[in-house]
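K.L.:
model this:
(chains A and B)
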Amino acid sequence: MEIWMNSVEELVNLIKTKKITAEKLQHYYLNRIITLDEKVKAFIEHTKDYQKPKNPHALEGIPYALKDNILALDTRTTAASKTLWNYRSPYNATVVEHLSTSGAILMGKTNMDEFSMGSTTENSAFFPTKNPWDLACTPGGSSGGSAVAVATGMVPFALGSDTGGSIRLPASYCGVVGLKPSYGLVSRYGLIAFCSSMDQIGPITRSVRDAALILNVISQACPYDSTKAIVHKNYLKDIEEPVQGFRIACIRETIEKECDRLIKKRFEEAVIKLQWLGVRVDYVTFEQYDQTYPVYTVLSTAEASSNLARYDGLLYGLKFKTDDKSNQFAQTRERGFGKEVKKRILQGTVNLSHPQKKQYYKQALAIRTKFIEQINHLLDTYDAIISPVSGRTPGKLGESTSIHQLEQYDVNTCLANLTGLPAISVPMGYAEKTPVGLQFMTARFADEKLLQIARAFEKTAGFYEDGFYPAPHLEGIQDV
Amino acid sequence: MFKTIIGLEVHAQLKTETKAFCSCANDPQSQPNTHICPICTGQPGTLPRINRKMIELAIKAAIALNGQVNDHIIFDRKNYFSADMPKGYQITQYQKPLAENGWVEIFNSARKKKITINEIHLEEDSARTLKKIDTRSGREKSYLDFNRSGIPLIEIVTAPAISSPKEAAEFFEAIHMILVYLDICNGHLESGAMRTDANISLLDSQTGKHTGRVEIKNLNTFKNLERALTYEEVFLKDHFQDFSAEKALTKDWDERSRTTIPSREKETSSDYRYFEEPDLPKIQLEQAIINHCAQQILEKPFERLERLMHECNLTFDMAKSLIIDRPFVDFFEQTMKILGTDEMKHMILRDVKAYLNHSGKLIQQTYLTPEKLYQLLKFIKTGQIAPTLKTKLLATLCETPKGIETIIEEENLIKIDDQDSLLQILEAVITENEEQYEAYICGKKELLKWFIGQMIKRTKGRTDPKLIIRIIKERMGEQNE
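P.N.:
Here you go, the predicted structure:
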């Protein structure tokens, strides 16, 4: 077995039992990055030298990658935008602080859709990232770089951020595990904000157990984020407990409407596997389900229009110099932002302005409140809710995506962000060449239950080959 | 008949240790950009966190201004572009202010009037813009000082219930007194710790016709507020016909020309796209917190002012001058409790105040205690020390922790009133200064002062000057008149 196929847990063991040194492990992964990244372009920037682990703790010497919208001291943090192309992080995000204290080694910053706005990683201002399972396809987004880095074994785990599905979608398309924790479980301090009321940092890993392990580290306390809840849990503790007798709901709309034939098939197989585990699966309806994506769009663009107001080049980032000072800020923003970002800022500005505010922003807020009530009510009866992560397969690189197609990417995932629930994507097989994921959601702050169910499914899913996730058919991936 | 209608929006910086949403020092007067961090300079990824002390001070202010404190605190974002606002929005309170429906009684020697306060809300201050001429290019350049960025403010919004520029100034002064007295704001007007925007319009009470509204921005002295509004009142009277109700103007006060000039800001109606700040949780205000803040107030400054006027027989102006320095008024009252005589009152209001003014110290920076002051007065009254030593002794009492008896003993200040000793000293002066003695007895009477001076010097002021004069005159063979 190749080293890179190991989970974080196994690597920790290898180091602990001195079967491999931290230095050797790091060189091994560095080598993989150097060899493989030119094929998939997951990294915006990566290290070139060995770094000594700071602290011999839980993750001593374990390499990882960071989505490039999370600040790590002295690294460039660009959010894949021209406007921040030269921005050096003046401080550490809380999650980076926690990982570094645990002894993890930051290998590099991964590519993404600019300011997380997109579902393909093609909206990066620098270059698109490729899906390692099919180089002609996108890896999904916006945390595409992180998902690809893990799927190709360039790092054993990575962090992404999820505002409408940005961890789960690329995890699904790359055949890895992507966890969006409950809103408020992981500190957002040091995460470049897109939509503050929905953004959440989470791990992308090779196994559900690894997701729990990383969550244990990154969900530790943060004095800088007032929206972070104080929760002390060991997410690995009960993860192997059986799920027999659990009740799971499937929102009918997620598979009935425009769901890819093969994805639907994989989903039905997954339901059967869950039933084998002694789980009862019911099909339920969700009122106004067709409103989830519009509501998500209105609210996320509204907040984004405010969150992105600071990028004017005055204190940092791209600064377009012109003699006409009054025009300087507008010119900087005109040149610094990509098309999708500008579109969403404009859309959000309109949604918050009179007289549209009442019709859009306020109405969307009201529906969001109803969604929360409705889903909490549903979760009084059910332990979890399942659906395919997305009803469509990844698009071809360079293919233009219509608004309708964009909706298909995010429609099943954004509900968890609107309602603050934890959600996870676990591989459930392939649709054509690329993998697809199954999404689980549980009640807010029931992340341990979410991981427990996901772990039970993972064990029986049959997506394993000899107990391991299969490798993408990428040339050279096995022999590095 | 024109009726003047004025409304004020007073901004006051809260006297917290740290800023509203980060842990930088609240010290806007230090070297530019020395109290800044990623949060108050709006770096990507940063988040605000609420300063509890700010909430407490704001609640205290709301209670002092008779407002009804709402049971929870929510912050909103006010979105607009300004170079001095690094996040591109200001964190403020829009949908639900901290407190509503307050009032303040403005009050001068002549009358009282209640002014309604519509709301009191919390917000953050912006960075300070400094304009300097660049020595090389000769062009004016703007610089930003982020020490002020994120300092907590309360904004006090009155109803349009103020009826004259003078009344507006009195209101501003009343707010200033209350906030300074209760230690909510340092009150440094010259550095902008309190400043106000003023809205003025006129109403023709016969026809019911209104003028448009003029807003004058950023006035930071009582006098300038009154001057600016007076100037504007005349402007509106002159333009009553053409400046109609739907019009609005924003102006700045120009100190040099003492006129208002139209502001450079564009006259478009702004849409601030307010929405609830998603980075800050809603805070429930427990009654216990409000009670805790209320308990710190006990007596409001105007109540105390009125009480002092009656109890100590002070004029309005005297009482006011006391109230604006709380440690001093506390000292005054404590001392008056020990001995509430007019002599004591005058000693505090004249001698102690003179010492403080002269030394530039605050009462709490001295070693003076009510007890020590009482001892000083007692020693003078009983004739144990000469009244000439009062100023010197008071200074020593202020500057050392020593008690009066120790000082008298150490410096040998007991009054000399036995005539023989004084005569001996005088003989010594005469022996050493025969020229002056001869000149004096030959009729150069103006030398009397010189002899008095010599005597005071040699007795270190420990005698009564009247006694010295008597002894000199007797020695010189003159008749005492």
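K.L.:
quick one: residues contacting the closest residue to chain A within the stretch 1-150 of chain B.
P.N.:
Using CB to the nearest CB, the point where the stretch 1-150 of chain B gets nearest to chain A is B:Gly88, with a distance of 2.4 Å. Just so you know, the C-beta spots here come from the backbone N, C-alpha and C atoms, and that holds for glycine as well. B:Gly88 makes contact with A:Ser306, A:Leu308, A:Ala309, A:Arg310, A:Asp312, B:Gly42, B:Asn79, B:Phe81 under the criterion CB atoms under 8 Å, 6 or more residues apart in numbering or on different chains.
K.L.:
name the SS class of the last one, please.
P.N.:
Put plainly, it is B:Phe81. The assignment at B:Phe81 comes out as coil when based on DSSP: H, G, I helix; E, B strand; the rest coil.
K.L.:
just the strands in chain A please.
P.N.:
Counting by DSSP state E, residue ranges of the strands within chain A are A:43-46, A:63-67, A:105-110, A:157-162, A:177-180, A:200-205, A:247-251, A:280-284, A:384-388, A:423-431, A:434-441.
K.L.:
now tabulate those in a markdown table and tack on mean pLDDT.
P.N.:
What follows is these, written out as a markdown table (pLDDT from 0 to 100):
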| stretch | mean pLDDT |
| --- | --- |
| strand A:43-46 | 96 |
| strand A:63-67 | 98 |
| strand A:105-110 | 97 |
| strand A:157-162 | 98 |
| strand A:177-180 | 98 |
| strand A:200-205 | 98 |
| strand A:247-251 | 97 |
| strand A:280-284 | 97 |
| strand A:384-388 | 98 |
| strand A:423-431 | 95 |
| strand A:434-441 | 96 |
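K.L.:
would you list these in a markdown table and tack on distance to B:Tyr94?
P.N.:
Written out in a markdown table, the entries for these read as follows (distance: least, CB to CB, whole Å):
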| stretch | distance to B:Tyr94 |
| --- | --- |
| strand A:43-46 | 38 |
| strand A:63-67 | 33 |
| strand A:105-110 | 37 |
| strand A:157-162 | 29 |
| strand A:177-180 | 31 |
| strand A:200-205 | 26 |
| strand A:247-251 | 36 |
| strand A:280-284 | 39 |
| strand A:384-388 | 36 |
| strand A:423-431 | 33 |
| strand A:434-441 | 33 |
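K.L.:
now the contacts of B:Gly88 in TSV, with pLDDT, distance to B:Ile363 and neighbour count?
P.N.:
Converted to TSV, these look like this (pLDDT from 0 to 100; distance: CB to CB, whole Å; neighbours: other CB atoms under 10 Å in any protein chain shown):
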residue	pLDDT	distance to B:Ile363	neighbour count
A:Ser306	98	48	26
A:Leu308	98	52	27
A:Ala309	97	48	22
A:Arg310	97	46	22
A:Asp312	93	49	23
B:Gly42	97	42	23
B:Asn79	96	47	23
B:Phe81	91	47	11
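K.L.:
so which of those residues belong to helices?
P.N.:
Among the contacts of B:Gly88, the members falling in helices are A:Ser306 (criterion: DSSP state H).
K.L.:
how about JSON lines for the contacts of B:Gly88, with distance to A:Gly429 added?
P.N.:
Putting the contacts of B:Gly88 into JSON lines (distance: CB to CB, whole Å) gives the following:
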{"residue": "A:Ser306", "distance to A:Gly429": "41"}
{"residue": "A:Leu308", "distance to A:Gly429": "38"}
{"residue": "A:Ala309", "distance to A:Gly429": "43"}
{"residue": "A:Arg310", "distance to A:Gly429": "43"}
{"residue": "A:Asp312", "distance to A:Gly429": "47"}
{"residue": "B:Gly42", "distance to A:Gly429": "46"}
{"residue": "B:Asn79", "distance to A:Gly429": "46"}
{"residue": "B:Phe81", "distance to A:Gly429": "50"}
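K.L.:
report the contact partners of residue 74.
P.N.:
Chain wasn't specified; assuming chain A. So A:Asp74 contacts A:Arg88, A:Ser89 (CB under 8 Å, 6+ apart).
K.L.:
other chain: chain B
P.N.:
For B:Ile74, the contacting residues are B:Gln93, B:Gln95, B:Lys96, B:Glu276, B:Glu277, B:Lys282, B:Ile283, taking CB under 8 Å, 6+ apart as the criterion.
K.L.:
buried ones among the residues you listed?
P.N.:
When the contacts of B:Ile74 are checked for burial by 16 or more other CB atoms under 10 Å in any protein chain shown, the buried set is B:Gln93, B:Lys96, B:Glu276, B:Glu277, B:Ile283.
K.L.:
wait, the third one touches B:Phe75, no?
P.N.:
Meaning B:Glu276. Yes: contact between B:Glu276 and B:Phe75 holds when scored by CB atoms under 8 Å: they sit 7.4 Å apart.
K.L.:
look at whichever residue of the stretch 351-481 of chain B sits closest to chain A and give its secondary structure.
P.N.:
Sorted by distance to chain A under CB to the nearest CB, the residues of the stretch 351-481 of chain B start with B:Gln364, at 34.1 Å. Of the three states, B:Gln364 takes helix according to three-state DSSP.
K.L.:
any idea how many residues pack against it?
P.N.:
Using other CB atoms under 10 Å in any protein chain shown, B:Gln364 has 12 neighbouring residues.
K.L.:
up against chain B, what does the stretch 301-450 of chain A have?
P.N.:
Near chain B, the residues belonging to the stretch 301-450 of chain A are A:302-303, A:305-306, A:308-312, A:314-316, A:329, A:349, A:352-354, A:357, A:361 when assessed by CB under 8 Å from any CB of the partner chain.
K.L.:
mind running it again at 10 Å?
P.N.:
When proximity is defined as CB under 10 Å from any CB of the partner chain, the stretch 301-450 of chain A approaches chain B at A:302-303, A:305-312, A:314-317, A:325, A:329-330, A:348-355, A:357, A:361-362, A:365.
K.L.:
which among these end up buried?
P.N.:
Buried, going by 16+ other CB under 10 Å: A:302-303, A:305-312, A:314-317, A:329, A:348-353, A:357, A:361, A:365, out of these.
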